[in-house]
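1. give me coordinates for this.
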Amino acid sequence: MAIYDGVFGVDEPTLDEFVRSVYDATHDLLLKDSVPVSVPPLGVTRIEYDIAAAPTVSLAPSALVRDLHRSLLAELNGHDDAGMLAAAEAASQASFELHAPSLVVVVHYGAGVPTTQLDASLRVGLQLNLTAGGMLTPDIVTMIVDIPDNPDLAELVNRGLVPELTRLIEETFLRPIQIPPLGLGSLQVAPPVVVTGGGRLLATTAMLPTQPEPAPLAGAWPDGTVFVAVRPAVINKLVGDAAATQQIKGHWEKQFKVLFISVTLNADYQVAVSNVALDVVPGQDGQLRGTALLNLDVGFWAKNLFSFSATGTARPTVRVTASVNAANEVVVKLDSIDAIKFDLDFAGVPAALDDVIEGIANALAPMVLNTVNSELAKVPPQTVTKIPEIPIVLDEATVVVTLTDLDITTLTTPDGKTCLAATGGAAVHVQPHQLVHTAHHRDQ
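-> Below is the predicted model:
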């Protein structure tokens, strides 16, 4: 079983729909234009282009990226062999390709010379890289404009058009593809491991110091959606760390009859929370249930008479709910701690209190329970991950890309891990600078 605590995933149909939504929103604004080109021997003055159909994505290691890595390694080492191929294949595991099947190119010449229209296609080799902010984003490694019917002009078009197409693809199709880091806040995670293949992309991470391994590509991962899933161990750490920082303490006093004398017994107590152990509740999406360890320390005294102490432990039921908040963050909230029963161990109790010690324990317990529940209710929701909203600012409009209709579900991975998962569909909002229009897509 592969080692990982969190996994992000998307399949080809979902990413294709996402790219198509961006294409529909930006084609008329950005994806057809012309660039000046000066080639005096040929008389070429300008190249007009139109990405005439939505690109598609191939989620498998890119042959373009692999071959580029191999050529660079061979050049660096002065030779090429099977070892270079193996190293290149390893270096391209986090790569994939974007294919634009219809790129219409029109070559313009000087005055009086007819234009040449070319039917071309475009292949882009992409590699996922980690940004300083922990986001995984695709970068263009290589790009080829293929013009099978006119190879003589192919070199000219590649030289003149590839820089412009690189800028366009980065600004439109690639900028919105951002895989957010898992476990924000206090949780420290290892850099993700990314694999592509079989029409799927998976990125795994693990809580430090554990280093993640790739998740298996084969098996019943969610289809037709983007998902982020974490194992309960991640929730345990987030909730446990937050609860452990909460100051749970209080003061109690009560009068007791001791040897026919009324004595005011005081107690200062504090409770520490640790060992949170949660699991998802079958059939109840977003609900987690488990246990925690509560350690109680109490100091008792009666002024100018006596003092003694007690310690105790309890393993109550812990209930946690996962949800998506208004800021598009997946958060977990500690709802309640139920069935708290402390087993107290007294030390230094005066013999005169032997007959009332059980009454002391019974009287103290409700006060401690109220304090525990009151203080733990103050623990704020803990962020598991944030779904980003990415604006694409154009001259004519702003295109905002995000995930919407996020659902919290339970996911069992192909290698047997039970996870809490958030799934969603692509949303593309087009905001012309004079008029607002919204285009929306939800993956089913």
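2. so how far is the longest strand belonging to the chain from its chain's centroid?
-> Ordering each strand of the chain by length in residues (DSSP state E) puts strand 261-280 first. Here strand 261-280 shows a centroid-to-chain-centroid distance of 36 Å under the convention CA atoms, centre = their mean, to the nearest Å.
3. what comes up buried for that strand?
-> Using 16 or more other CB atoms under 10 Å as the test for burial, strand 261-280 gives 263, 265, 267, 269, 271, 273, 276, 278-280. The way it works is simple: take the backbone N, C-alpha and C, and place the C-beta from them, glycine included.
4. show me where the chain has its helices.
-> Applying DSSP state H to the chain gives helices spanning 12-30, 63-77, 82-91, 151-169, 232-244, 357-376.
5. most tightly packed of the ones you listed?
-> helix 232-244 (a mean of 21; mean count of other CB atoms under 10 Å).
6. quick check: mean pLDDT across it?
-> For helix 232-244, mean pLDDT is 92.
7. which other residues reach that helix?
-> Here helix 232-244 makes contact (CB atoms under 8 Å, 6 or more residues apart in numbering) with 5-6, 182-183, 185-187, 207, 272-280, 288, 290, 292, 318, 320, 322, 332, 334, 376, 379-380, 382, 384, 418-420.
8. correct me, but residue 108 touches residue 42?
-> No. Contact criterion CB atoms under 8 Å: residue 108 and residue 42 do not qualify, at 11.2 Å.
9. please enumerate the strands of the stretch 301-444 of the chain.
-> 306-314, 317-324, 329-338, 343-347, 382-386, 390-393, 397-412, 418-432, 437-440 (DSSP state E, counting those that start in this stretch).
10. which one of those lies nearest to residue 57?
-> For residue 57, the closest of the strands of the stretch 301-444 of the chain is strand 418-432, at 12.7 Å, according to CB to CB.
11. could you say what helices and strands that closest one packs with?
-> helix 12-30, strand 226-230, helix 232-244, strand 261-280, strand 317-324, strand 382-386, strand 397-412, strand 437-440 (3 or more CB pairs under 8 Å, 6 or more residues apart in numbering; DSSP states H and E).
12. give the pairing partners of it; include direction for each.
-> If you go by DSSP bridges, strand 418-432 pairs up with strand 226-230 (antiparallel), strand 397-412 (antiparallel), strand 437-440 (antiparallel).
13. as a markdown table, those with mean neighbour count would be great.
-> Formatted as a markdown table, the strands paired with strand 418-432 follow (neighbours: other CB atoms under 10 Å):
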| stretch | mean neighbour count |
| --- | --- |
| strand 226-230 | 26 |
| strand 397-412 | 18 |
| strand 437-440 | 12 |
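14. okay, those strands in TSV with distance to residue 192 next?
-> Listed next are the strands paired with strand 418-432 as TSV, based on distance: least, CB to CB, whole Å:
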stretch	distance to residue 192
strand 226-230	12
strand 397-412	18
strand 437-440	29
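15. and residue 425, which of those is closest to it?
-> Nearest of the strands paired with strand 418-432 (CB to CB): strand 397-412, 5.6 Å.
16. chain center to that closest one, what's the gap?
-> Distance, centroid of strand 397-412 to centroid of chain: 11 Å (CA atoms, centre = their mean).
17. so who does the residue in the chain sticking out farthest from the centre touch?
-> Most distant from the centre of the chain: residue 260, at 65.6 Å, with distances by CA atoms, centre = their mean. Neighbour list for residue 260: empty [criterion: CB under 8 Å, 6+ apart].
18. quick check: the gap between it and residue 355.
-> 12 Å (CB to CB, to the nearest Å).
19. likewise for residue 265?
-> 14 Å.
20. and the strands in the stretch 101-250 of the chain, which stretches?
-> Going by DSSP E, counting those that start in this stretch, the stretch 101-250 of the chain shows strands at 116-130, 136-146, 193-197, 200-205, 226-230, 248-258.
21. format those strands as TSV; extra columns: distance to residue 73.
-> Shown next, in TSV, are the strands of the stretch 101-250 of the chain (distance: least, CB to CB, whole Å):
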stretch	distance to residue 73
strand 116-130	15
strand 136-146	14
strand 193-197	20
strand 200-205	24
strand 226-230	34
strand 248-258	58
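22. and of these, who's closest to residue 408?
-> Going by CB to CB, the one of the strands of the stretch 101-250 of the chain nearest residue 408 is strand 226-230, 10.4 Å.
23. still on that earlier bit, quick check: of the buried residues of strand 261-280, which lies closest to residue 13?
-> Proximity of these to residue 13 (CB to CB) peaks at residue 280, which lies at 26.9 Å.
24. beta partners for that closest one?
-> residue 288.
25. shouldn't it be in contact with residue 412?
-> No. With contact defined as CB under 8 Å, residue 280 does not reach residue 412; the gap is 9.5 Å.
26. give me the common contacts of those two.
-> Shared contacts of residue 280 and residue 412, counting by CB under 8 Å, 6+ apart, come down to 418-419.
27. related to what we said a few turns ago, make a markdown table out of the helices and strands packed on strand 418-432 and add distance to residue 131.
-> Converted to a markdown table, the helices and strands packed on strand 418-432 look like this (distance: least, CB to CB, whole Å):
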| stretch | distance to residue 131 |
| --- | --- |
| helix 12-30 | 19 |
| strand 226-230 | 17 |
| helix 232-244 | 22 |
| strand 261-280 | 31 |
| strand 317-324 | 24 |
| strand 382-386 | 14 |
| strand 397-412 | 17 |
| strand 437-440 | 28 |
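28. for residue 124, find the nearest of the ones you listed.
-> Of all these, helix 12-30 comes closest under CB to CB, at 11.5 Å.
29. show me how far that closest one is from its chain's centre.
-> Worked out by CA atoms, centre = their mean, helix 12-30 lies 22 Å from the chain centre.
30. run the angle between it and strand 193-197 for me.
-> 90 degrees (axes from the mean of the first three to the mean of the last three CA atoms, to 10 degrees).
31. for the chain, give me the ranges with low pLDDT.
-> 78, 176, 182-186, 394-395, 434-444 (pLDDT under 70).
32. and the nearest residue to residue 46 once chain neighbours are set aside, what does it touch?
-> Nearest residue to residue 46, sequence neighbours excluded (CB to CB, 6 or more residues apart in numbering): residue 108, at 4.0 Å. Residues near residue 108 by CB under 8 Å, 6+ apart: 34, 44-48, 115.
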